[in-house]
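Engineer: sequence isn't available, so here's the structure alone:
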């Protein structure tokens with residue numbers, strides 16, 4: 001019996017259905033095992049490495065289960081489409097057979113009608129001829145007494161011939177022909193009704209076939225998207241390494257940006273701005289050469305935010321934020337085009353366009369080289385206070401309030417940027 005990829009993993013076997021993905025996970029397992037052997041750590045470090053290994057195995061199980069389910073649905077859809085095609089073929093064959101029967105009955109009916117018409121016409125012609133002859137005989141009888149006996153004999157012979165035609169049988173035969181004609185017309189009407197019904201069924205089957213073809217095309221698209229997603233699933237973004245700041249007496253730190261293909265629910269103040277994006281199906285993790293790693297949160301302006309751990313704080317630099325920003329921008333372009341449009345717009349709005357900003361605040365912003373609306377709305381109030389000398393918490397809140405009036409006006413015209421996670425039943 002065929003086992004799923006998840007069952008193979010639970011049994012300690014490598015799943016065979018998704019070889020490229022298995023290879024990626026095998027590499028990760030190997031690297032994790034190598035890191036555990038090469039790095040001597042305390043119990044906490046070993047616990048972290050063990051939890052990381054378990055999380056990796058759980059992720060492998062979930063990915064395998066998802067791919068198995070999609071493959072089963074894809075195969076079921078293909079089977080259903082094949083069954084529909086077979087049903088349509090059989091119906092078409094039955095319809096062709098019915099059409100042949102209809103044509104045969106119609107030809108037979110026309111032949112019988114023609115024969116009956118011809119026979120009736122012949123009888124009428126003979127009756128007319130007989131009448132003309134009788135009239136001629138009567139005229140001759142009235143004009144010539146001498147040939148009376150001859151005419152009488154002729155009339156008797158003619159009467160005998162007419163009696164031999166058996167008019168009662170002809171009448172009965174004609175009546176039967178009319179009855180048969182009525183039955184044939186009824187049969188023809190029934191066949192026409194059945195034909196119309198079959199045509200309706202064919203149209204319905206064609207519509208169902210079109211719907212199935214549409215679903216099949218969508219399934220192919222979903223399968224292609226899933227395959228494309230699996231090719232980069234839980235992997236190093238572009239293979240880039242960002243060198244951290246080198247500080248005397250401190251261990252060198254290099255940063256690696258990893259993308260994981262499932263979203264995280266980021267808690268935050270629902271009313272506060274900027275908000276975190278919660279409706280994305282991926283998240284980024286910064287991993288380091290010293291074993292520390294941090295999750296990256298993304299706010300509604302595409303700005304990355306993460307914990308500055310003491311063990312790596314000294315090595316952080318602008319290049320890391322620049323690389324994170326580039327990766328996030330590329331990912332959001334595909335799924336959040338309205339957010340990207342708003343981001344580009346805010347980068348072109350000058351701080352002087354913000355209404356009711358005090359001169360002292362503008363001076364402080366200028367001294368800190370802050371020149372655009374984006375630089376104000378993309379950071380929380382605490383960051384503005386820490387980064388801009390001479391700007392207090394109250395002034396920062398007032399500045400953001402005025403700045404977001406421009407954002408609200410833009411969203412009224414172009415649409416509200418949605419960053420909330422969709423509720424599931």
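Structural biologist: Good, I have the coordinates. The structure displayed is predicted, hence computed values, not measured ones.

Engineer: any regions of the stretch 151-300 of the chain where pLDDT drops low?
Structural biologist: Applying pLDDT under 70 to the stretch 151-300 of the chain flags the ranges 224-240, 268-271.

Engineer: strands along that one, start to end?
Structural biologist: Shown for the stretch 151-300 of the chain, the strands assigned by DSSP state E, counting those that start in this stretch span residues 235-243, 254-260, 283-288, 293-298.

Engineer: tabulate the ones you listed (JSON lines), appending mean neighbour count and distance to residue 266.
Structural biologist: All C-beta spots, glycine's among them, are computed from the backbone N, C-alpha and C. Below are the strands of the stretch 151-300 of the chain laid out as JSON lines (neighbours: other C-beta atoms under 10 Å; distance: least, C-beta to C-beta, whole Å):
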{"stretch": "strand 235-243", "mean neighbour count": "14", "distance to residue 266": "19"}
{"stretch": "strand 254-260", "mean neighbour count": "18", "distance to residue 266": "14"}
{"stretch": "strand 283-288", "mean neighbour count": "19", "distance to residue 266": "9"}
{"stretch": "strand 293-298", "mean neighbour count": "19", "distance to residue 266": "5"}
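
Engineer: can you list those strands in a markdown table and add distance to residue 161?
Structural biologist: Below are the strands of the stretch 151-300 of the chain laid out as a markdown table (distance: least, C-beta to C-beta, whole Å):
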| stretch | distance to residue 161 |
| --- | --- |
| strand 235-243 | 108 |
| strand 254-260 | 109 |
| strand 283-288 | 110 |
| strand 293-298 | 112 |
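
Engineer: buried stuff in the helix or strand where residue 148 lies?
Structural biologist: Element membership for residue 148, per DSSP states H and E: helix 148-164. For helix 148-164, the neighbour count (16 or more other C-beta atoms under 10 Å) marks 151, 154 as buried.

Engineer: what comes up buried for stretch 353-367?
Structural biologist: 354, 357, 361, 364-365.

Engineer: just the terminal-to-terminal distance for stretch 360-376.
Structural biologist: Using C-alpha to C-alpha, to the nearest Å, one end of stretch 360-376 lies 16 Å from the other.

Engineer: now it: how far from the chain's centre is it?
Structural biologist: 47 Å (C-alpha atoms, centre = their mean, to the nearest Å).

Engineer: do stretch 108-127 as well
Structural biologist: Counting by C-alpha atoms, centre = their mean, stretch 108-127 comes out at 65 Å from the chain centroid.

Engineer: avg pLDDT for that stretch?
Structural biologist: For stretch 108-127, the mean per-residue pLDDT is 80.

Engineer: also stretch 29-44?
Structural biologist: 76.

Engineer: quick one: buried residues of it?
Structural biologist: residue 36.

Engineer: what does it contact?
Structural biologist: Contact partners of stretch 29-44, identified using C-beta atoms under 8 Å, 6 or more residues apart in numbering, comprise 45-46, 49, 52-53, 56, 291.

Engineer: filter those down to the ones in helices?
Structural biologist: Using DSSP state H, the subset of those located in helices is 45-46, 49, 52-53, 56.

Engineer: if I look at the spatially most central residue of the chain, how far off is residue 244?
Structural biologist: The centre of the chain sits closest to residue 218, judged by C-alpha atoms, centre = their mean, with a distance of 3.6 Å. Distance, residue 218 to residue 244, by C-beta to C-beta, to the nearest Å: 45 Å.

Engineer: likewise for residue 402?
Structural biologist: From residue 402 to residue 244 the distance is 37 Å (C-beta to C-beta).

Engineer: next one: residue 282
Structural biologist: Taking C-beta to C-beta as the measure, residue 282 falls 24 Å from residue 244.

Engineer: more neighbours, these two?
Structural biologist: residue 244 (22 against 18; other C-beta atoms under 10 Å).

Engineer: mind listing what the more buried one touches?
Structural biologist: Residue 244 neighbours (C-beta under 8 Å, 6+ apart): 252-255, 288, 312, 315-317, 320.

Engineer: so what's the residue count around the spatially closest residue to it that is not a sequence neighbour?
Structural biologist: Excluding the flanking residues, the one nearest residue 244 by C-beta to C-beta, 6 or more residues apart in numbering is residue 315, at 3.0 Å. Neighbours of residue 315 under the rule other C-beta under 10 Å: 22.

Engineer: and what of residue 27?
Structural biologist: By other C-beta under 10 Å, the residues close to residue 27 number 11.

Engineer: tell me the SS of it?
Structural biologist: With DSSP: H, G, I helix; E, B strand; the rest coil as the basis, residue 27 sits in helix.
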